[in-house]
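[1] take this sequence and fold it.
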Amino acid sequence: MPPKAFPREKIIHFLQQHKVLQTSELTKQFGCSKWTIFRIIKDIGYLTSYNRNNSGITLAHIPEFDQNGLWNYRGFYFSRWGTLGKTIEHFVDESRAGVTAGELRKLLHHNNIYHHLTAAVGARQVFRDTKEKKPVYYSNEPQKRREQRKARNKLLQKSDKKRRPERRTDNEGHELTSFDIEKVHFGYLAQLLLSETLTADDIYSMLENMGKPVKRQEITEIIIRHNLDLKKTRIELVGQRTRGKHVASATKT
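    Residues are numbered from 1 along each chain as shown. As a prediction, this is how the structure comes out:
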């Protein structure tokens, strides 16, 4: 039985009121050691946070775990599986496509997980695959690991397709090399765009014939970015006025 000086009901009520407290806060409040606190709340059940050096304490019935089995209260993270090691083992084992250390850090909001992963690998609780640039952790159960690897490979293939540049070909099916429109001398491009007779399609064809293929959208973006369409209109208006003056003066003479 707990000492009379530290009534069980008061300690439990205090924890229920505050939801999460640090061990030091409880020992200071009740003037006892942390071992006395743990002995008193052991029967009702409690959890310690897996971050902040396990200093956060809550009663087992208080956490409202999310879909991942985690609960965050004022920066203290708690897991349905108790310790960080058990939580990591569960996340790896139940992952659809395995997990990397970086992915686990984001999921668990905890940076210092490497030694827990190493310990889990050493205890054969999880399997570490070092074939990729970043090690991937899989279930230690062979059948589940094969399924996770297949799912991981599919994800990598999708990622490669997204990063792969668009393949462009000419009319004869020859692949065209990529061309950075910004590397075209701006003065030369501006003269083309400001021409009264050339359209964006004309410029597109000219550059393509020069062996510098671009997308029509890239030319349009240049026009919009540098406000060339408006500048071209102004120049055309000025040109019309100038030509009008010349015609008027010629008529007078």
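
[2] could you chop the protein up by domain?
    1-63, 83-164, 181-243 (automatic domain parsing).

[3] my guess is residue 113 contacts residue 102, does it?
    No: contact between residue 113 and residue 102 fails when scored by CB atoms under 8 Å: they sit 9.9 Å apart. (Glycine included, C-beta is placed from N, CA and C.)

[4] which one of these two is surrounded by more residues?
    The neighbour comparison of residue 113 against residue 102 (other CB atoms under 10 Å) goes to residue 113, with 20 against 10.

[5] separation between that one and residue 98?
    From residue 113 over to residue 98 the distance is 15 Å, taken as CB to CB, to the nearest Å.

[6] cool, and residue 156?
    11 Å.

[7] what comes up buried for stretch 98-113?
    98, 99, 100, 101, 103, 104, 107, 108, 110, 113 (16 or more other CB atoms under 10 Å).

[8] list of residues touching that stretch?
    Identification of contacts with stretch 98-113 by CB atoms under 8 Å, 6 or more residues apart in numbering yields 50-51, 68, 70, 72, 77, 84, 87-88, 91-92, 114, 117, 129, 134-139, 145, 148-149, 151-152.

[9] and the strand or helix carrying residue 72, which strands flank it?
    Following DSSP states H and E, one finds residue 72 within strand 70-73. Its sheet considered, strand 70-73 pairs with strand 76-79 (antiparallel) by DSSP bridges.

[10] C-alpha coordinates for the partner strand, PDB please?
    The C-alpha trace of strand 76-79 is given here as PDB (Å, rounded to 0.1, in the frame of the first residue of the first chain):
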ATOM      1  CA  PHE A  76       4.800  15.200 -25.400                       C
ATOM      2  CA  TYR A  77       4.300  12.200 -27.700                       C
ATOM      3  CA  PHE A  78       2.700   9.000 -26.500                       C
ATOM      4  CA  SER A  79       2.300   5.700 -28.300                       C
END
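
[11] what is the subsequent helix or strand relative to it?
    Criterion used, DSSP H and E; the element after strand 76-79 is helix 84-94.
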